[in-house]
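*Asks:* Structure for the following, please:
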Amino acid sequence: MEFGIIEILIIITGIIFGVVYWSTLAHNHWKNLGVPGPKPIPLIGNMGPLLFGQMSFVDTCHKMYMEWKKEPYFGIFSAHVPVLIVTDMNLIRQILIKDFHIFPSRGVVLNDYDPLSHNLFNIYGHKWKVLRSKITPGFTIGKIKHMIKSMTECAGRFENYLFNQVGKGKVLECSSLAGKYTMDATIACAFGVNITSIYEDDNQFEVIAKQLFKASIWNLMKQMISVAAPGLYKFLGLRILSEEQSNFFINFIKQTMELRERENVVRDDIIDILIDMKKNQQDFDFESTDSFLASQAFVLFVAGYEAPSSTISFALYELALAPKVQDKVRTEIFEVLKTHNGQLSYEAINEMEYLKMVIYETLRRNPPGPLMVRKAAQDYKLPGSNVILPAATLISIPTYSIHHDEKYFPNPEFFEPERFKADRKPSMAYLPFSDGPKSCMGVKIAIYLSALGLISVLKNFRVSPSKFLEIPYKIKKTGFILSASGGVNLKFEPIMDVN
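*Replies:* Purely as a prediction, here's the structure:
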């Protein structure tokens, strides 16, 4: 049976009409529940500015937040998928802490063919609870004190690298620089292995990290498909990393564990925890395969690399634009080091109160994760309302927007470290590392890594804006992680009288 041009056009028109009609019906979801929110566009939902390349993901969400923040919550659509944006502090506390058991998942797709997806960040329920209890002891104060030596050694190499780079040209891109330092420090602290990505351009760990956080249309689409259409994500066989990269990381962890056992080496770190889990398989009611254990190391590798490197680069950006703040924190660094005979230690870093304020304020203005997502495991009645959210509803907490809301942080676009004196931190409005049972357990390590990286720079160099620096920076349009589209390009001037 053959079709003419007119018949084909009728069929195509009918298909388009059917899809648009289906999308329109799906977009009645929030209206039917009595939840306010911006009007969606058929097929696209409320993500038009993002999909058409007009605005970044962060800016798209922030624009809607500013229009609807007077509501305790509002509903949007990512394509056809309904997402509830929560703005009320009491409701955020309820979701993250009190009703955590109802929102245990981040809505991330778990695939058997992608073993590294089964990590502590993504999994939930019983398996998450067991793993969390096993891995948490690796982040005690005692363990962190033990890690400081490795961190300072990596910071020393970072300083030498910086001096060499300044000798070649005084303008440096801080994001890639900080990433090299945090890469080496994370591998050393978590896995007890010394690598030198800081001196290499093609280190495999750095290649993996850059691939993960690369701001590209493809990575952006993968992220959106994983949330909006998890079935399609699985059907297409999409993965966190390529099979080759996944196998590299799994084999690295496996070989490191085998070497420890063969040489009877004990470092009291994450690798030792994984070895203990493998030896005591009888303690679990699920299988701890080599790939499953490696996936737990993988999430620590990712978190240890990205959050501190982002914090360091954005802190240097903020300090370059606020020279008086930069001078104040540098003075504190010199004064504390003088009382400790020039030696960096756990105790010395803890005495640098203003430096920590700078880090906290940097994380407020530039949170690495600008949005938190939770998925309802069952129907949920929103407190104080008649709205009942169906099971599997996605909840989003707009961290970036809350951090930039003058209701919680007066003059939010002004960099003011003094906001974070002990008695001035607002409850639940500051969420760079989430809160509740699923908050980041490596937050203290991230702070110390960030502090040491900043100390390495500020005690040796004065940073200032270069002609290549975009002020204010624009957020990359194709990234889910907060990053500057033009990079953080600063001038580094050596401080000669460091003593």
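
*Asks:* Show me where the stretch 351-499 of the chain dips below the pLDDT cut-off.
*Replies:* Residues of the stretch 351-499 of the chain meeting the criterion pLDDT under 70: 423-426, 497-499.

*Asks:* how does it look with 50?
*Replies:* By pLDDT under 50, the weakly predicted segments of the stretch 351-499 of the chain are 498-499.

*Asks:* And the strands in it?
*Replies:* 372-375, 380-381, 388-389, 394-397, 461-465, 489-494 (DSSP state E, counting those that start in this stretch).

*Asks:* Throw those into CSV and include distance to I41 and mean neighbour count, thanks.
*Replies:* Every C-beta, even on glycine, is put in place using the N, C-alpha and C of the backbone. As requested, the strands of the stretch 351-499 of the chain are arranged in CSV below (distance: least, Cβ to Cβ, whole Å; neighbours: other Cβ atoms under 10 Å):
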stretch, distance to I41, mean neighbour count
strand 372-375, 22, 20
strand 380-381, 27, 15
strand 388-389, 23, 16
strand 394-397, 19, 21
strand 461-465, 39, 19
strand 489-494, 37, 19
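
*Asks:* Let me have these in TSV, extended by distance to N366.
*Replies:* As requested, the strands of the stretch 351-499 of the chain are exported to TSV (distance: least, Cβ to Cβ, whole Å):
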stretch	distance to N366
strand 372-375	16
strand 380-381	32
strand 388-389	31
strand 394-397	17
strand 461-465	16
strand 489-494	15
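
*Asks:* For K210, find the nearest of those.
*Replies:* Each of the strands of the stretch 351-499 of the chain has some distance to K210 by Cβ to Cβ; the shortest is strand 489-494, at 18.0 Å.

*Asks:* what's the angle from that closest one to strand 461-465?
*Replies:* 150 degrees (axes from the mean of the first three to the mean of the last three Cα atoms, to 10 degrees).

*Asks:* looking at the strands of the stretch 351-499 of the chain, which is closest to L321?
*Replies:* With Cβ to Cβ as the yardstick, what comes closest out of the strands of the stretch 351-499 of the chain is strand 461-465 (6.6 Å).

*Asks:* Give me the contacts around the closest one.
*Replies:* Contacts with strand 461-465, where a contact means Cβ atoms under 8 Å, 6 or more residues apart in numbering, come from 162, 166, 316, 319-321, 323, 326, 330, 457, 471, 490-495.

*Asks:* So in that sheet, which strands flank that strand, and in what orientation?
*Replies:* The strands beside strand 461-465 in its sheet (DSSP bridges) come out as strand 489-494 (antiparallel).

*Asks:* for the host helix or strand of F205, which positions count as buried?
*Replies:* Under the criterion of DSSP states H and E, F205 resides in helix 204-213. Residues of helix 204-213 classed as buried: F205, E206, I208, A209, L212, F213 (neighbour count, 16 or more other Cβ atoms under 10 Å).

*Asks:* Now a PyMOL select for only the buried ones of the contacts of strand 461-465.
*Replies:* For the buried members of those, the matching PyMOL selection, counting by 16+ other Cβ under 10 Å, is:
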select buried, resi 162+166+316+319+320+321+326+330+457+490+491+492
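
*Asks:* Show me what the mean pLDDT comes to for the helix holding F205.
*Replies:* Confidence for helix 204-213, expressed as mean pLDDT, is 79.

*Asks:* By residue count, what's the longest helix in the protein?
*Replies:* Looking across the chain with DSSP state H, the single longest helix is helix 290-321.

*Asks:* quick one on the thing from earlier: how about the strands of the stretch 351-499 of the chain, which one is nearest G37?
*Replies:* Nearest to G37, of the strands of the stretch 351-499 of the chain and by Cβ to Cβ, is strand 394-397 at 12.0 Å.

*Asks:* What is that closest one packed up against?
*Replies:* Applying 3 or more Cβ pairs under 8 Å, 6 or more residues apart in numbering; DSSP states H and E, we find strand 394-397 packed against strand 81-86, strand 372-375.

*Asks:* will you turn those into CSV that also has distance to A484?
*Replies:* As requested, these are exported to CSV (distance: least, Cβ to Cβ, whole Å):
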stretch, distance to A484
strand 81-86, 25
strand 372-375, 22
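
*Asks:* which residues touch V130?
*Replies:* Contacts of V130 by Cβ under 8 Å, 6+ apart are F284, F286.

*Asks:* How far off centre is the helix holding F205?
*Replies:* 14 Å (Cα atoms, centre = their mean, to the nearest Å).

*Asks:* ok, now stretch 170-185?
*Replies:* Counting by Cα atoms, centre = their mean, stretch 170-185 comes out at 17 Å from the chain centroid.

*Asks:* Just the buried positions in it, please.
*Replies:* Buried-residue list, stretch 170-185, by 16+ other Cβ under 10 Å: 172-175, 177-185.

*Asks:* Give me the neighbour count for S345.
*Replies:* Per other Cβ atoms under 10 Å, the neighbour tally for S345 reads 14.

*Asks:* nearest residue to it other than its sequence neighbours?
*Replies:* What sits nearest to S345 in space, not counting adjacent residues and going by Cβ to Cβ, 6 or more residues apart in numbering, is I148, at 6.5 Å.

*Asks:* That neighbour reaches Y346, doesn't it?
*Replies:* Yes. Contact criterion Cβ atoms under 8 Å: I148 and Y346 qualify, at 4.9 Å.

*Asks:* more neighbours, those two?
*Replies:* Legend: neighbour count by other Cβ under 10 Å for I148 and Y346, higher for I148 (20 against 16).

*Asks:* got a pLDDT number for that one?
*Replies:* For I148, pLDDT reads 89.

*Asks:* if we can go back for a sec, please find the angle between the direction vectors of the longest helix of the chain and strand 489-494.
*Replies:* Using the same axes, to 10 degrees: helix 290-321 against strand 489-494 is 70 degrees.

*Asks:* after helix 290-321, next one along is what?
*Replies:* Following helix 290-321 in sequence, per DSSP H and E, is helix 323-339.
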